[in-house]
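Undergrad: Sharing a model prediction with you, sequence too.
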Amino acid sequence: MKWLDLPVAKKAQGIIQLPGSKSISNRILLLAALAKGTTQVIDLLASDDTDFMLKALVSLGVSIASTGENSYQIIGAEGQFHVRDARLFLGNAGTAFRPLVAVLALMQGRYQMSGVARMHERPIGDLVDALRQLGADINYLEDQGYPPLEIKPVKFNHDSIHLTVKGDVSSQFLTGLLMALPITGKKAVIDVSGTLISQPYIALTLAQMQRFGVVVEHDSWQRFTLPAQQYYRSPGHITVEGDASSASYFLAAGAIGGGPVRVLGVGSESAQGDVRFVDALEKMGAHVSMSENWIESDCILSNQFLRAIDLDCNHIPDAAMTLAVVALFAKGVTTLRNIASWRLKETDRLAAMTKELQKLGARIEVGEDYLRINPPENGLTPNVAIDTYDDHRMAMCFSLVAFGAPVRINDPGCVSKTFPDYFDQFSRIVQSG
Ligand SMILES: O=C(O)C1=C[C@@H](OP(=O)(O)O)[C@@H](O)[C@H](O)C1
Ligand SMILES: C=C(OP(=O)(O)O)C(=O)O
(Lines give C-alpha, C1' and ligand atoms only; values in the text may rest on other atoms or scores of the structure.)
(Ligands and ions follow the chains in the order given, each with its own letter.)
Protein backbone atom coordinates (compact mmCIF):
# COMPACT_ATOMS: atom_id res chain seq x y z
CA MET A 1 0.00 0.00 0.00
CA LYS A 2 1.42 3.38 -1.01
CA TRP A 3 -0.58 5.40 1.50
CA LEU A 4 -3.38 5.17 4.03
CA ASP A 5 -6.01 7.86 4.49
CA LEU A 6 -7.20 8.21 8.07
CA PRO A 7 -10.52 10.03 8.52
CA VAL A 8 -11.03 12.40 11.45
CA ALA A 9 -11.30 10.45 14.69
CA LYS A 10 -13.98 11.45 17.17
CA LYS A 11 -13.06 9.24 20.08
CA ALA A 12 -10.61 6.54 21.20
CA GLN A 13 -11.78 3.71 23.38
CA GLY A 14 -11.01 0.00 23.70
CA ILE A 15 -8.56 -2.70 24.64
CA ILE A 16 -5.43 -3.70 22.72
CA GLN A 17 -3.30 -6.81 23.20
CA LEU A 18 0.25 -5.59 22.59
CA PRO A 19 2.76 -7.44 20.39
CA GLY A 20 5.90 -8.67 22.17
CA SER A 21 8.66 -6.24 23.03
CA LYS A 22 11.23 -5.83 20.24
CA SER A 23 14.04 -5.12 22.67
CA ILE A 24 13.28 -8.13 24.86
CA SER A 25 12.59 -10.46 21.89
CA ASN A 26 15.95 -9.90 20.22
CA ARG A 27 17.87 -10.08 23.51
CA ILE A 28 16.14 -13.34 24.47
CA LEU A 29 16.76 -14.90 21.04
CA LEU A 30 20.48 -14.19 21.24
CA LEU A 31 20.84 -15.26 24.88
CA ALA A 32 18.86 -18.48 24.29
CA ALA A 33 21.09 -19.20 21.27
CA LEU A 34 24.24 -18.76 23.38
CA ALA A 35 22.97 -20.62 26.45
CA LYS A 36 23.35 -24.16 27.60
CA GLY A 37 20.00 -25.96 27.37
CA THR A 38 16.74 -25.56 25.50
CA THR A 39 14.55 -22.48 25.81
CA GLN A 40 10.85 -22.25 24.95
CA VAL A 41 10.13 -18.66 23.97
CA ILE A 42 6.49 -17.59 24.08
CA ASP A 43 4.90 -14.42 22.64
CA LEU A 44 7.97 -13.42 20.65
CA LEU A 45 7.41 -10.30 18.54
CA ALA A 46 6.68 -11.22 14.91
CA SER A 47 8.21 -8.41 12.86
CA ASP A 48 11.04 -7.53 10.48
CA ASP A 49 13.56 -6.87 13.27
CA THR A 50 12.96 -10.20 15.01
CA ASP A 51 12.88 -12.06 11.64
CA PHE A 52 16.37 -10.74 10.89
CA MET A 53 17.63 -12.00 14.25
CA LEU A 54 15.92 -15.40 13.83
CA LYS A 55 17.29 -15.86 10.30
CA ALA A 56 20.79 -14.82 11.34
CA LEU A 57 20.85 -17.31 14.21
CA VAL A 58 19.60 -20.10 11.95
CA SER A 59 22.36 -19.29 9.41
CA LEU A 60 24.85 -19.51 12.27
CA GLY A 61 23.72 -23.08 12.90
CA VAL A 62 21.44 -22.55 15.90
CA SER A 63 18.52 -24.98 16.05
CA ILE A 64 15.29 -22.98 16.20
CA ALA A 65 11.87 -24.59 15.68
CA SER A 66 8.48 -22.92 15.61
CA THR A 67 6.20 -24.47 18.23
CA GLY A 68 3.04 -22.41 17.62
CA GLU A 69 2.02 -18.83 16.96
CA ASN A 70 4.94 -16.61 18.03
CA SER A 71 6.47 -19.47 20.02
CA TYR A 72 9.85 -21.09 19.41
CA GLN A 73 12.07 -23.78 20.80
CA ILE A 74 15.73 -22.81 20.75
CA ILE A 75 18.50 -25.30 21.44
CA GLY A 76 21.37 -23.30 22.89
CA ALA A 77 24.78 -23.57 21.25
CA GLU A 78 26.66 -23.20 24.56
CA GLY A 79 28.58 -20.11 23.48
CA GLN A 80 29.89 -21.58 20.21
CA PHE A 81 28.03 -21.18 16.93
CA HIS A 82 28.77 -24.14 14.67
CA VAL A 83 28.87 -22.12 11.46
CA ARG A 84 32.18 -20.26 11.26
CA ASP A 85 31.77 -18.68 7.85
CA ALA A 86 28.61 -16.74 7.04
CA ARG A 87 27.21 -13.62 5.41
CA LEU A 88 24.41 -12.02 7.40
CA PHE A 89 21.92 -9.40 6.24
CA LEU A 90 20.22 -7.65 9.14
CA GLY A 91 17.99 -5.02 7.51
CA ASN A 92 17.81 -1.99 9.77
CA ALA A 93 17.58 -3.88 13.06
CA GLY A 94 19.92 -2.20 15.53
CA THR A 95 19.02 -4.75 18.24
CA ALA A 96 20.17 -7.54 15.92
CA PHE A 97 23.16 -5.91 14.24
CA ARG A 98 25.02 -4.40 17.19
CA PRO A 99 24.89 -7.37 19.64
CA LEU A 100 25.69 -9.84 16.83
CA VAL A 101 28.81 -7.87 15.89
CA ALA A 102 30.04 -8.21 19.47
CA VAL A 103 29.27 -11.93 19.68
CA LEU A 104 30.70 -12.82 16.26
CA ALA A 105 33.86 -10.81 16.90
CA LEU A 106 34.62 -13.32 19.68
CA MET A 107 33.57 -16.43 17.72
CA GLN A 108 36.79 -17.37 15.85
CA GLY A 109 35.05 -17.28 12.47
CA ARG A 110 34.77 -15.25 9.28
CA TYR A 111 31.60 -13.25 8.92
CA GLN A 112 30.28 -10.48 6.71
CA MET A 113 27.49 -8.33 8.09
CA SER A 114 25.40 -5.86 6.14
CA GLY A 115 22.01 -4.17 6.20
CA VAL A 116 19.81 -1.78 4.26
CA ALA A 117 21.27 1.53 3.03
CA ARG A 118 20.19 3.34 6.20
CA MET A 119 21.92 0.75 8.41
CA HIS A 120 25.11 1.63 6.54
CA GLU A 121 24.65 5.24 7.68
CA ARG A 122 24.19 4.30 11.35
CA PRO A 123 27.50 4.43 13.25
CA ILE A 124 29.14 1.35 14.72
CA GLY A 125 32.69 2.68 15.24
CA ASP A 126 32.47 2.92 19.05
CA LEU A 127 31.61 -0.78 19.28
CA VAL A 128 34.34 -1.82 16.84
CA ASP A 129 36.90 0.31 18.74
CA ALA A 130 35.93 -1.42 21.99
CA LEU A 131 36.18 -4.89 20.43
CA ARG A 132 39.57 -4.07 18.90
CA GLN A 133 40.87 -3.52 22.45
CA LEU A 134 40.30 -7.28 22.83
CA GLY A 135 42.19 -8.12 19.66
CA ALA A 136 39.08 -8.45 17.47
CA ASP A 137 39.82 -8.35 13.74
CA ILE A 138 37.06 -6.24 12.18
CA ASN A 139 37.27 -4.35 8.87
CA TYR A 140 34.95 -1.79 7.40
CA LEU A 141 33.95 -2.81 3.88
CA GLU A 142 32.79 0.65 2.82
CA ASP A 143 32.91 3.79 5.00
CA GLN A 144 35.13 3.79 8.11
CA GLY A 145 32.99 3.59 11.24
CA TYR A 146 29.90 2.18 9.50
CA PRO A 147 28.55 -1.17 8.30
CA PRO A 148 28.99 -3.29 6.23
CA LEU A 149 31.68 -5.14 8.18
CA GLU A 150 33.94 -8.11 7.83
CA ILE A 151 34.94 -10.04 10.93
CA LYS A 152 37.92 -12.42 11.04
CA PRO A 153 39.06 -14.79 13.80
CA VAL A 154 39.96 -12.94 16.99
CA LYS A 155 43.55 -13.00 18.29
CA PHE A 156 42.45 -13.32 21.87
CA ASN A 157 45.09 -13.88 24.52
CA HIS A 158 43.98 -12.15 27.69
CA ASP A 159 43.45 -13.76 31.08
CA SER A 160 41.03 -11.05 32.03
CA ILE A 161 39.38 -8.28 30.06
CA HIS A 162 39.31 -4.55 30.68
CA LEU A 163 37.93 -2.31 28.00
CA THR A 164 36.32 1.07 27.47
CA VAL A 165 33.32 1.88 25.29
CA LYS A 166 31.76 5.21 24.45
CA GLY A 167 28.23 5.53 25.78
CA ASP A 168 26.99 8.72 24.17
CA VAL A 169 26.05 7.59 20.64
CA SER A 170 24.02 4.43 21.27
CA SER A 171 23.54 2.24 24.33
CA GLN A 172 23.35 -0.76 21.97
CA PHE A 173 27.18 -0.91 21.83
CA LEU A 174 27.42 -1.48 25.58
CA THR A 175 24.48 -3.89 25.39
CA GLY A 176 26.31 -5.89 22.72
CA LEU A 177 29.52 -6.10 24.77
CA LEU A 178 27.66 -7.07 27.93
CA MET A 179 25.79 -9.86 26.17
CA ALA A 180 28.87 -11.15 24.32
CA LEU A 181 31.57 -11.17 27.00
CA PRO A 182 30.24 -14.06 29.14
CA ILE A 183 31.03 -16.46 26.27
CA THR A 184 34.75 -15.85 26.92
CA GLY A 185 34.48 -17.21 30.48
CA LYS A 186 36.92 -14.47 31.58
CA LYS A 187 36.43 -11.81 34.20
CA ALA A 188 35.57 -8.61 32.35
CA VAL A 189 35.38 -4.96 33.30
CA ILE A 190 33.79 -2.46 30.95
CA ASP A 191 34.21 1.26 31.56
CA VAL A 192 31.84 3.66 29.85
CA SER A 193 33.35 6.90 28.60
CA GLY A 194 31.14 9.89 27.91
CA THR A 195 27.63 10.09 29.26
CA LEU A 196 25.66 6.87 28.86
CA ILE A 197 22.48 7.57 26.88
CA SER A 198 19.29 5.49 26.85
CA GLN A 199 20.27 3.98 30.22
CA PRO A 200 17.03 1.99 30.79
CA TYR A 201 18.01 -0.21 27.84
CA ILE A 202 21.15 -1.22 29.75
CA ALA A 203 19.01 -2.09 32.77
CA LEU A 204 16.88 -4.16 30.38
CA THR A 205 19.98 -5.97 29.08
CA LEU A 206 21.17 -6.80 32.60
CA ALA A 207 17.70 -8.05 33.56
CA GLN A 208 17.54 -10.41 30.54
CA MET A 209 21.10 -11.68 31.19
CA GLN A 210 20.09 -12.40 34.77
CA ARG A 211 17.21 -14.58 33.53
CA PHE A 212 19.94 -16.67 31.88
CA GLY A 213 22.00 -16.86 35.07
CA VAL A 214 24.60 -14.15 34.43
CA VAL A 215 24.77 -11.39 37.03
CA VAL A 216 26.58 -8.17 36.21
CA GLU A 217 27.58 -5.63 38.83
CA HIS A 218 27.76 -1.98 37.99
CA ASP A 219 29.05 1.15 39.59
CA SER A 220 26.68 4.05 38.84
CA TRP A 221 26.25 2.76 35.24
CA GLN A 222 29.86 3.78 34.48
CA ARG A 223 31.72 0.55 35.23
CA PHE A 224 30.34 -2.95 34.64
CA THR A 225 31.96 -6.07 36.08
CA LEU A 226 31.30 -9.61 34.83
CA PRO A 227 32.77 -12.39 36.99
CA ALA A 228 34.79 -15.20 35.38
CA GLN A 229 33.16 -18.54 34.51
CA GLN A 230 29.57 -17.29 34.44
CA TYR A 231 28.00 -18.90 31.40
CA TYR A 232 24.45 -18.56 30.13
CA ARG A 233 22.04 -21.29 31.26
CA SER A 234 18.56 -21.59 29.84
CA PRO A 235 15.78 -20.79 32.32
CA GLY A 236 13.48 -23.20 30.42
CA HIS A 237 10.51 -21.02 29.48
CA ILE A 238 10.43 -17.33 28.74
CA THR A 239 7.33 -15.30 27.97
CA VAL A 240 8.06 -11.99 26.26
CA GLU A 241 6.09 -9.07 27.68
CA GLY A 242 4.26 -6.58 25.46
CA ASP A 243 6.17 -3.73 23.81
CA ALA A 244 6.11 -0.57 25.92
CA SER A 245 7.11 1.68 22.99
CA SER A 246 4.24 0.27 20.91
CA ALA A 247 1.94 0.91 23.89
CA SER A 248 2.70 4.64 23.71
CA TYR A 249 0.56 5.21 20.58
CA PHE A 250 -2.56 3.71 22.15
CA LEU A 251 -2.04 5.39 25.51
CA ALA A 252 -1.58 8.69 23.72
CA ALA A 253 -4.81 7.99 21.79
CA GLY A 254 -6.61 7.46 25.10
CA ALA A 255 -5.29 10.80 26.37
CA ILE A 256 -6.17 12.76 23.22
CA GLY A 257 -9.33 10.92 22.23
CA GLY A 258 -11.05 10.64 25.60
CA GLY A 259 -10.45 6.97 26.34
CA PRO A 260 -10.36 4.84 28.21
CA VAL A 261 -7.84 2.86 26.15
CA ARG A 262 -6.23 -0.13 27.85
CA VAL A 263 -3.13 -1.96 26.62
CA LEU A 264 -2.60 -5.54 27.78
CA GLY A 265 0.80 -7.21 28.15
CA VAL A 266 2.84 -4.53 29.90
CA GLY A 267 2.38 -2.81 33.26
CA SER A 268 3.87 -1.62 36.51
CA GLU A 269 6.33 -4.53 36.77
CA SER A 270 7.83 -3.99 33.33
CA ALA A 271 11.58 -4.02 32.77
CA GLN A 272 11.17 -1.68 29.79
CA GLY A 273 12.14 1.96 30.20
CA ASP A 274 9.42 3.18 27.84
CA VAL A 275 6.71 2.45 30.44
CA ARG A 276 7.84 5.79 31.89
CA PHE A 277 6.12 7.42 28.92
CA VAL A 278 3.04 7.44 31.15
CA ASP A 279 4.71 9.93 33.53
CA ALA A 280 4.93 12.39 30.65
CA LEU A 281 1.31 11.76 29.67
CA GLU A 282 0.23 12.40 33.26
CA LYS A 283 2.20 15.65 33.31
CA MET A 284 0.27 16.64 30.19
CA GLY A 285 -2.97 16.08 32.06
CA ALA A 286 -3.95 12.55 31.12
CA HIS A 287 -5.23 10.13 33.69
CA VAL A 288 -3.29 6.85 33.81
CA SER A 289 -3.87 3.69 35.81
CA MET A 290 -1.98 0.41 35.71
CA SER A 291 -1.70 -3.06 37.14
CA GLU A 292 1.03 -5.65 36.75
CA ASN A 293 0.08 -6.41 33.17
CA TRP A 294 -2.03 -3.59 31.80
CA ILE A 295 -1.95 0.20 31.49
CA GLU A 296 -4.95 2.41 30.79
CA SER A 297 -5.22 6.07 29.87
CA ASP A 298 -8.05 8.54 29.56
CA CYS A 299 -8.50 12.26 29.71
CA ILE A 300 -10.40 13.95 32.50
CA LEU A 301 -9.61 17.53 31.58
CA SER A 302 -12.80 19.55 31.29
CA ASN A 303 -11.46 22.05 28.74
CA GLN A 304 -10.36 19.29 26.30
CA PHE A 305 -6.77 20.52 26.19
CA LEU A 306 -3.69 18.71 27.37
CA ARG A 307 -0.87 20.79 28.88
CA ALA A 308 2.50 21.45 27.24
CA ILE A 309 5.59 20.00 28.97
CA ASP A 310 9.32 20.59 29.06
CA LEU A 311 11.00 17.21 29.46
CA ASP A 312 14.42 15.53 29.31
CA CYS A 313 13.60 12.48 27.16
CA ASN A 314 16.95 10.70 27.23
CA HIS A 315 15.44 7.79 29.17
CA ILE A 316 12.60 7.27 26.65
CA PRO A 317 14.14 7.98 23.21
CA ASP A 318 11.57 5.95 21.25
CA ALA A 319 8.36 6.89 23.10
CA ALA A 320 9.48 10.54 23.06
CA MET A 321 8.51 10.62 19.37
CA THR A 322 4.92 9.97 20.41
CA LEU A 323 5.10 12.98 22.74
CA ALA A 324 6.10 15.20 19.81
CA VAL A 325 2.75 14.46 18.14
CA VAL A 326 0.75 14.58 21.40
CA ALA A 327 2.20 18.10 21.78
CA LEU A 328 -0.02 19.17 18.85
CA PHE A 329 -3.01 18.64 21.16
CA ALA A 330 -1.57 20.54 24.14
CA LYS A 331 -2.03 24.15 25.12
CA GLY A 332 1.36 25.88 25.03
CA VAL A 333 4.82 25.10 23.77
CA THR A 334 6.28 21.64 24.43
CA THR A 335 10.05 21.12 24.58
CA LEU A 336 11.60 17.65 24.28
CA ARG A 337 15.26 17.71 25.34
CA ASN A 338 18.33 15.49 25.21
CA ILE A 339 17.27 13.59 22.09
CA ALA A 340 20.37 13.99 19.90
CA SER A 341 20.34 10.20 19.30
CA TRP A 342 17.20 10.70 17.17
CA ARG A 343 19.51 11.78 14.34
CA LEU A 344 21.06 8.30 14.12
CA LYS A 345 18.03 6.05 14.11
CA GLU A 346 15.79 4.75 11.28
CA THR A 347 16.04 8.23 9.78
CA ASP A 348 17.24 11.59 11.08
CA ARG A 349 14.20 11.80 13.33
CA LEU A 350 14.82 15.41 14.38
CA ALA A 351 14.77 16.52 10.74
CA ALA A 352 11.85 14.25 9.76
CA MET A 353 9.75 15.23 12.77
CA THR A 354 10.38 18.94 12.16
CA LYS A 355 9.35 18.73 8.52
CA GLU A 356 6.17 16.74 9.06
CA LEU A 357 4.98 18.74 12.11
CA GLN A 358 5.47 21.93 10.10
CA LYS A 359 3.24 20.55 7.32
CA LEU A 360 0.46 20.36 9.92
CA GLY A 361 0.86 24.06 10.77
CA ALA A 362 3.00 23.73 13.93
CA ARG A 363 5.86 26.16 14.52
CA ILE A 364 8.99 24.18 15.31
CA GLU A 365 12.36 25.09 16.75
CA VAL A 366 14.95 22.36 16.37
CA GLY A 367 18.41 22.26 17.95
CA GLU A 368 21.28 19.79 18.05
CA ASP A 369 19.50 17.80 20.76
CA TYR A 370 16.05 19.27 21.29
CA LEU A 371 12.72 19.94 19.61
CA ARG A 372 10.27 22.71 20.54
CA ILE A 373 6.70 22.34 19.29
CA ASN A 374 4.28 25.23 19.13
CA PRO A 375 0.93 23.85 17.93
CA PRO A 376 -1.13 25.79 15.37
CA GLU A 377 -3.65 28.16 16.97
CA ASN A 378 -6.48 27.43 14.55
CA GLY A 379 -6.34 23.67 14.31
CA LEU A 380 -4.21 21.24 12.33
CA THR A 381 -3.98 21.64 8.57
CA PRO A 382 -6.33 18.99 7.13
CA ASN A 383 -5.46 16.37 4.50
CA VAL A 384 -1.71 16.62 4.85
CA ALA A 385 0.30 13.72 3.39
CA ILE A 386 2.81 12.67 6.03
CA ASP A 387 6.08 11.21 4.75
CA THR A 388 7.40 8.41 6.95
CA TYR A 389 11.05 8.00 5.79
CA ASP A 390 10.92 4.20 6.17
CA ASP A 391 10.61 4.82 9.91
CA HIS A 392 7.93 2.74 11.66
CA ARG A 393 7.67 5.25 14.48
CA MET A 394 7.02 8.18 12.11
CA ALA A 395 4.06 6.23 10.69
CA MET A 396 2.70 5.15 14.07
CA CYS A 397 2.99 8.44 15.94
CA PHE A 398 1.54 10.52 13.07
CA SER A 399 -1.57 8.30 13.04
CA LEU A 400 -2.55 10.32 16.15
CA VAL A 401 -3.00 13.41 13.96
CA ALA A 402 -6.38 11.86 13.00
CA PHE A 403 -7.75 13.13 16.33
CA GLY A 404 -7.44 16.68 14.94
CA ALA A 405 -7.72 16.41 11.15
CA PRO A 406 -7.99 13.86 8.34
CA VAL A 407 -4.46 12.77 7.45
CA ARG A 408 -2.68 10.65 4.84
CA ILE A 409 0.17 8.39 6.00
CA ASN A 410 2.57 7.60 3.15
CA ASP A 411 4.13 4.12 3.04
CA PRO A 412 2.25 2.81 6.11
CA GLY A 413 3.80 -0.65 5.53
CA CYS A 414 7.04 0.55 7.14
CA VAL A 415 5.45 -0.34 10.51
CA SER A 416 6.47 -3.94 9.78
CA LYS A 417 9.81 -3.19 11.48
CA THR A 418 8.19 -3.67 14.89
CA PHE A 419 4.37 -3.76 14.56
CA PRO A 420 3.08 -5.20 11.26
CA ASP A 421 -0.66 -4.90 12.05
CA TYR A 422 -0.46 -1.52 13.78
CA PHE A 423 -3.05 0.21 11.59
CA ASP A 424 -5.59 -2.62 12.02
CA GLN A 425 -5.17 -2.36 15.79
CA PHE A 426 -5.38 1.45 15.66
CA SER A 427 -8.66 1.29 13.72
CA ARG A 428 -10.11 -0.97 16.46
CA ILE A 429 -9.90 1.75 19.14
CA VAL A 430 -10.83 4.73 16.97
CA GLN A 431 -14.35 5.94 16.31
CA SER A 432 -14.42 8.18 13.24
CA GLY A 433 -16.99 10.81 12.52
O1 LIG B 1 18.74 -1.65 23.19
C2 LIG B 1 17.63 -1.49 22.65
O3 LIG B 1 16.78 -2.40 22.63
C4 LIG B 1 17.31 -0.17 22.09
C5 LIG B 1 18.03 0.95 22.46
C6 LIG B 1 17.69 2.31 22.00
O7 LIG B 1 18.70 2.71 21.10
P8 LIG B 1 19.93 3.71 21.51
O9 LIG B 1 20.68 3.10 22.62
O10 LIG B 1 20.71 3.78 20.23
O11 LIG B 1 19.32 5.02 21.91
C12 LIG B 1 16.32 2.36 21.30
O13 LIG B 1 16.18 3.56 20.60
C14 LIG B 1 16.15 1.19 20.37
O15 LIG B 1 14.89 1.23 19.71
C16 LIG B 1 16.18 -0.11 21.12
C1 LIG C 1 15.77 3.02 17.10
C2 LIG C 1 14.99 1.98 16.85
O3 LIG C 1 15.42 0.78 16.35
P4 LIG C 1 16.81 0.01 16.36
O5 LIG C 1 16.61 -1.15 17.27
O6 LIG C 1 17.03 -0.39 14.95
O7 LIG C 1 17.87 0.94 16.87
C8 LIG C 1 13.52 2.06 17.09
O9 LIG C 1 12.86 1.00 17.05
O10 LIG C 1 12.98 3.15 17.34
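TA: Nice, I can see it. Ligands and ions are numbered 1, 2, ... in the order given.
Undergrad: Could you use CA atoms for every contact and neighbour count after this?
TA: Will do.
Undergrad: So, low pLDDT: which residues of this protein?
TA: The chain contains residues with pLDDT under 70 at 1, 301-304.
Undergrad: Can you tell me which residues in it are near ligand 1?
TA: Within the chain, the residues that sit near ligand 1 (CA under 6 Å from any ligand atom) are Ser23, Thr95, Ser170, Ser171, Gln172, Ser198, Tyr201, Pro317, Asp318, Ser341.
Undergrad: Spatially, what comes nearest to the last one if we skip its sequence neighbours?
TA: When you say that, I think you mean Ser341. Val169 (6.4 Å; CA to CA, 6 or more residues apart in numbering).
Undergrad: That neighbour looks like it's in a strand, true?
TA: No: Val169 is assigned coil when assessed by DSSP: H, G, I helix; E, B strand; the rest coil, not a strand.
Undergrad: returning to that earlier point: out of the residues of the chain next to ligand 1, the closest to Leu106 would be?
TA: Ranked by distance to Leu106 (CA to CA), the residues of the chain next to ligand 1 are led by Gln172 at 17.0 Å.
Undergrad: so that closest one sits right up against Phe97, yeah?
TA: No: assessed by CA atoms under 8 Å, Gln172 is found out of contact with Phe97, at 9.3 Å.
Undergrad: what about the residue nearest to Ser341, how many residues close to it?
TA: 20 (other CA atoms under 10 Å).
Undergrad: go on, His237?
TA: 12.
Undergrad: Going by neighbour count, which of the residues of the chain next to ligand 1 are buried?
TA: Buried residues within the residues of the chain next to ligand 1, counting neighbours by 16 or more other CA atoms under 10 Å: Ser23, Thr95, Ser170, Ser171, Gln172, Ser198, Tyr201, Pro317, Asp318, Ser341.
Undergrad: returning to that earlier point: tell me the phi and psi of the residue nearest to Ser341?
TA: Backbone torsions of Val169, given as degrees, to the nearest 10, read phi -110, psi -50.
Undergrad: now Tyr111
TA: Torsion angles at Tyr111 (phi, psi; degrees, to the nearest 10) stand at phi -130, psi 150.
Undergrad: any idea how far ligand 2 is from the closest residue to ligand 1 within the stretch 1-150 of the chain?
TA: Going by CA to the nearest ligand atom, ligand 1 is nearest to Ser23 of the stretch 1-150 of the chain, at 3.9 Å. Taking CA to the nearest ligand atom, to the nearest Å as the measure, Ser23 falls 7 Å from ligand 2.
Undergrad: again, but for Thr184
TA: For Thr184 relative to ligand 2 (CA to the nearest ligand atom), the value is 25 Å.
Undergrad: That residue: neighbour count?
TA: Every residue meeting other CA under 10 Å relative to Thr184 is counted, giving 21.
Undergrad: What segments of the stretch 201-350 of the chain are strands?
TA: 217-219, 223-226, 237-239, 258-264, 286-290, 294-299, 306-307, 310-312, 330-331, 334-337 (DSSP state E, counting those that start in this stretch).
Undergrad: how about those strands, which one is nearest ligand 2?
TA: strand 334-337 (16.1 Å).
Undergrad: Nearest residue to the residue of the stretch 151-300 of the chain found nearest ligand 2 in space, ignoring adjacent ones along the chain?
TA: Nearest to ligand 2 in the stretch 151-300 of the chain, going by CA to the nearest ligand atom, is Gln172, at a distance of 7.7 Å. Excluding the flanking residues, the one nearest Gln172 by CA to CA, 6+ apart is Arg98, at 6.2 Å.
Undergrad: Pull up the residues of the stretch 1-150 of the chain that are close to ligand 2.
TA: Checking the stretch 1-150 of the chain against ligand 2 by CA under 6 Å from any ligand atom, the hits are Asn92, Ala93, Gly94, Thr95.
Undergrad: Of these, which belong to strands?
TA: Counting by DSSP state E, those place none of their members in strands.
Undergrad: okay, among these, which ones form the most distant pair?
TA: Across those, no pair lies farther apart than Asn92 and Thr95, at 9.0 Å, counting by CA to CA.
Undergrad: what touches both of the two?
TA: Counting by CA atoms under 8 Å, 6 or more residues apart in numbering, the shared contacts of Asn92 and Thr95 are Asp49.
Undergrad: start to end distance for stretch 160-174?
TA: One end of stretch 160-174 sits 18 Å from the other (CA to CA, to the nearest Å).
Undergrad: With stretch 323-338 instead?
TA: 14 Å.
Undergrad: What distance do you get for the closest residue to Leu181 other than its chain neighbours to Trp3?
TA: Closest residue to Leu181 apart from its sequence neighbours, by CA to CA, 6+ apart: Ala188 at 7.1 Å. Ala188 is 50 Å from Trp3, where distance means CA to CA.
Undergrad: more neighbours, those two?
TA: More neighbours surround Ala188 than the other of Ala188 and Trp3, with 21 against 14 (other CA under 10 Å).
Undergrad: so what are the domain limits for the chain?
TA: Domain segmentation of the chain under automatic domain parsing yields 3-12+275-287+306-432, 22-226.
Undergrad: want to try TSV for the ones you listed, with distance to Trp294 as columns?
TA: Below are those laid out as TSV (distance: least, CA to CA, whole Å):
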stretch	distance to Trp294
domain 3-12+275-287+306-432	11
domain 22-226	16
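Undergrad: Ala253: which of these is closest?
TA: That would be domain 3-12+275-287+306-432 among the domains of the chain, by CA to CA, at 6.0 Å.
Undergrad: how long is that closest one from one end to the other?
TA: 18 Å.
Undergrad: now swap in stretch 89-100 and tell me
TA: By CA to CA, the extent of stretch 89-100 from end to end equals 11 Å.
Undergrad: Begin at 510 from now on, thanks
TA: Sure, I'll start counting at 510 from here, so that last one is stretch 598-609.
Undergrad: to the chain's geometric centre, what's the distance from stretch 692-705?
TA: 22 Å (CA atoms, centre = their mean, to the nearest Å).
Undergrad: I figured His746 was touching Gln549, is that so?
TA: Yes: under the criterion of CA under 8 Å, His746 makes contact with Gln549 at 4.7 Å.
Undergrad: how close does Asp933 sit to ligand 2?
TA: 19 Å.
Undergrad: Which elements pack onto the helix or strand where that residue lies?
TA: Secondary structure assignment for Asp933, by DSSP states H and E: helix 931-938. Packing partners of helix 931-938 (3 or more CA pairs under 8 Å, 6 or more residues apart in numbering; DSSP states H and E): strand 518-526.
Undergrad: List the neighbours of the strand it packs on that are in contact with it.
TA: The contact list for strand 518-526, computed with CA under 8 Å, 6+ apart, reads 751, 759, 762-763, 765-774, 911-915, 934, 937-942.
Undergrad: Apply 6 Å and report the result again.
TA: With contacts defined as CA atoms under 6 Å, 6 or more residues apart in numbering, strand 518-526 is touched by 763, 766, 768-773, 911-912, 938-942.
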